[in-house]
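Asks: no FASTA, just this:
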């Protein structure tokens, strides 16, 4: 397949596959099973993409409407109709953002972008989860600041790296010299979670530290867990 001209991009010298780095599986299916296998693999890929995109859109819209809008901004003073309305607008907004990002990263390898999202998750989510389970000193202030440092630090480093700054935006040299930022951003998130937690001497911070033992027992044994709530 690598030497078959029907799969190569002649306009680029005939050395690259048509469609870029996301197409080897598709062209391999055609080379093995012809148009029938190509159609089957394409249908599977389309169904997978549709399922993943719809699931992520629903999850994102639910988080925005229920977690952010209802519990953070409205502080519980809202209705189901209001949450549904916000969810619809959130779905539309997420769809627009996804289309824009898809256009920007059209030439990027999908598998590589998935690896970058894991880097961001490892920097923003993992430190907060580990500290919440094993650190007696963690407070809400430390968790929030550490999570934000991991999130914005990892996203910023990814944008300034070669894969985005050079390959997608077309600049000459990357500002951040490494491809994956996790080696730097994850320790920074851990450090900020710990540092701002021990510096938090507020009444809320002291109360949260005092509740660690009870919450640890409850999380491991279920003792004291609340019953089902009516919805």
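Replies: The structure has been received and is ready for your questions. Small disclaimer: the values here were computed from a predicted structure and weren't measured. Numbers count the residues shown, from 1 in each chain.
Asks: can you count the residues close to residue 223?
Replies: A count of nearby residues for residue 223, using other C-beta atoms under 10 Å, gives 9. (Glycine included, C-beta is placed from N, CA and C.)
Asks: And the spatially most central residue of the chain, how close does it get to residue 222?
Replies: Residue closest to the average C-alpha location in the chain (C-alpha atoms, centre = their mean): residue 117, at 4.8 Å. In this view, residue 117 and residue 222 are 32 Å apart by C-beta to C-beta, to the nearest Å.
Asks: Ok, residue 98 next?
Replies: For residue 98, the distance to residue 222 - C-beta to C-beta - is 38 Å.
Asks: In terms of neighbours, single out the busier of these two.
Replies: residue 98 (14 against 8).
Asks: So for the more buried one, what's the nearest residue that isn't a sequence neighbour?
Replies: Using C-beta to C-beta, 6 or more residues apart in numbering and skipping the chain neighbours, the partner closest in space to residue 98 is residue 53 (7.3 Å).
Asks: Quick check: residue 105 touching residue 116?
Replies: No. Between residue 105 and residue 116 there is no contact under C-beta atoms under 8 Å: 10.0 Å.
Asks: Which of the two has more residues huddled nearby?
Replies: The residue with more neighbours, out of residue 105 and residue 116, is residue 116; 21 against 17, by other C-beta under 10 Å.
Asks: what sits against the more buried one?
Replies: For residue 116, the contact set (C-beta atoms under 8 Å, 6 or more residues apart in numbering) comprises 158, 163, 180.
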